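Q: Give me a 3D structure for the following:
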Amino acid sequence: MCAPGVALNPCEANLGTTVVPAHGVAGPEIQPAPNPASGTVALSTDCFYVYPTVSRQKTDNANLRIQPAEIDIAEQQASRFSGLCNVWAPIYRQRTLVSLEKGLGADPQADLTAYQSLLAAWQDYLANYNHGRPIIFIGHSQGAAMLIRLLKSQVDPNPALRARLVSAIILGGNVTVPDGKEVGGTFDHIPACTSESRTGCVIAYSSFPSRPPADSLFGRPGQGVSLQSGQTTKKGVHVLCTNPANLSGGSGSLMPYFRLSGALPAPWVEFPDLYSAHCESSGGATWLQVTDIGGPNDKRPRVTETQGPQWGYHALDVNLSLGNLLSDVSYEIASYGNSHLPAHPT
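A: Take a look at the predicted model:
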């Protein structure tokens, strides 16, 4: 679906943005420079993006035809990364919405089919297109679950591939770590990203406005989305949360970007200083606590738990923090480059 040079590439969509501050008067449109990935200038880093569950096909697994739903989600979640990296987004035989109505753990064969399809795409990309460039992995929901499987089997045990890992952004997938540690659990060698300068690490969280309920699909180990990646351990581990607004810990202001259609002069809108976030653990759950800081006179639209408390702000895990993730990736790419400079001759 997305690769450098692909015609009508949704990962290179228009990035024009209108900034809407708290007083509600839209600021000037921000139109980024032309995306170098769409021209002849090659970027030095790749992003390998795996999209969440969007297919409305009537079978348990989708086919490999590119549908409007896949295009739309790639524009929403991946296109803004294209200014920082070459975005590759394979179509894979994901479990469809019809299949997931049976339950997240109800069809292991459909999960395996989805993973085998993604694995084949990864192997093709690695053999024919990567050419040794460093890689950032990006996945959300089912895409995060498939990336957990891929990283666990292909990257985590392979020192050469781990050396190419800038970071892995795995949102709404229930990456786990042992209690009191930042590595182990899901991955043996890939730790949490605890600063903007750390590379070879994972950024992971699920967004909620309050503690996830006991039957939540996200933020609690061994249940919900964990079952899509075969993670059943509940004791001695917790779901990882790294705050994209402050990777070193503590609170930070979120930078939401939403892709909209309507009267605004640009396809994107940014709402600065509307939410803050921090990681929180309580009652067996760990989550990214998203708090409204706009105040009563702030008339900007607010996000809601449209799918209920089990889901929290899951559908918006990426876009609520998209500006922060872009900043994190930018620093990580620079840090990776600095740490891999050739040694000066003596």
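Q: what comes up buried for the helix or strand encompassing residue 277?
A: Secondary structure assigned from DSSP states H and E places residue 277 in strand 275-282. Using 16 or more other CB atoms under 10 Å as the burial criterion, the residues of strand 275-282 that qualify are 275-280. Heads up, the C-betas are built off the backbone N, CA and C, glycines and all.
Q: Next: stretch 157-166.
A: By neighbour count with 16+ other CB under 10 Å, stretch 157-166 contains the buried residues 164-166.
Q: List of residues touching stretch 97-105?
A: By CB atoms under 8 Å, 6 or more residues apart in numbering, the list of residues contacting stretch 97-105 from outside reads 53-61, 107, 110, 142, 217, 224-225, 227-228.
Q: mind redoing it with 10 Å?
A: 53-62, 69, 94-95, 106-107, 109-111, 113-114, 141-142, 145, 217, 223-228, 230, 232 (CB atoms under 10 Å, 6 or more residues apart in numbering).
Q: elements contacting whichever strand or helix holds residue 138?
A: Using DSSP H and E, residue 138 falls within strand 135-140. Other elements packing on strand 135-140 under the criterion 3 or more CB pairs under 10 Å, 6 or more residues apart in numbering; DSSP states H and E are strand 46-50, helix 68-77, strand 86-88, helix 108-128, helix 142-150, strand 165-171, strand 201-203, helix 322-339.
Q: Using PDB, list the CA coordinates for the longest one.
A: Right, the one you point to is helix 108-128. Once side chains and other backbone atoms are set aside, the C-alpha atoms of helix 108-128 remain, and they are given as PDB (Å, rounded to 0.1, in the frame of the first residue of the first chain):
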ATOM      1  CA  PRO A 108      -6.200 -18.600  16.700                       C
ATOM      2  CA  GLN A 109      -6.000 -19.800  13.100                       C
ATOM      3  CA  ALA A 110      -7.200 -16.500  11.800                       C
ATOM      4  CA  ASP A 111      -4.600 -14.700  13.900                       C
ATOM      5  CA  LEU A 112      -1.900 -17.100  12.600                       C
ATOM      6  CA  THR A 113      -3.000 -16.500   9.000                       C
ATOM      7  CA  ALA A 114      -2.700 -12.700   9.600                       C
ATOM      8  CA  TYR A 115       0.800 -13.100  11.100                       C
ATOM      9  CA  GLN A 116       2.000 -15.400   8.300                       C
ATOM     10  CA  SER A 117       0.900 -12.900   5.700                       C
ATOM     11  CA  LEU A 118       2.700 -10.100   7.500                       C
ATOM     12  CA  LEU A 119       5.800 -12.300   8.000                       C
ATOM     13  CA  ALA A 120       5.900 -12.900   4.200                       C
ATOM     14  CA  ALA A 121       5.700  -9.200   3.500                       C
ATOM     15  CA  TRP A 122       8.400  -8.400   6.100                       C
ATOM     16  CA  GLN A 123      10.700 -11.000   4.600                       C
ATOM     17  CA  ASP A 124      10.200  -9.600   1.100                       C
ATOM     18  CA  TYR A 125      10.800  -6.100   2.300                       C
ATOM     19  CA  LEU A 126      13.900  -7.000   4.200                       C
ATOM     20  CA  ALA A 127      15.400  -9.100   1.400                       C
ATOM     21  CA  ASN A 128      14.600  -6.700  -1.500                       C
END
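Q: Show me what it is packed up against.
A: The elements that helix 108-128 packs onto, with contact taken as 3+ CB pairs under 10 Å, 6+ apart, are strand 46-50, strand 86-88, helix 97-100, strand 135-140, helix 142-150.
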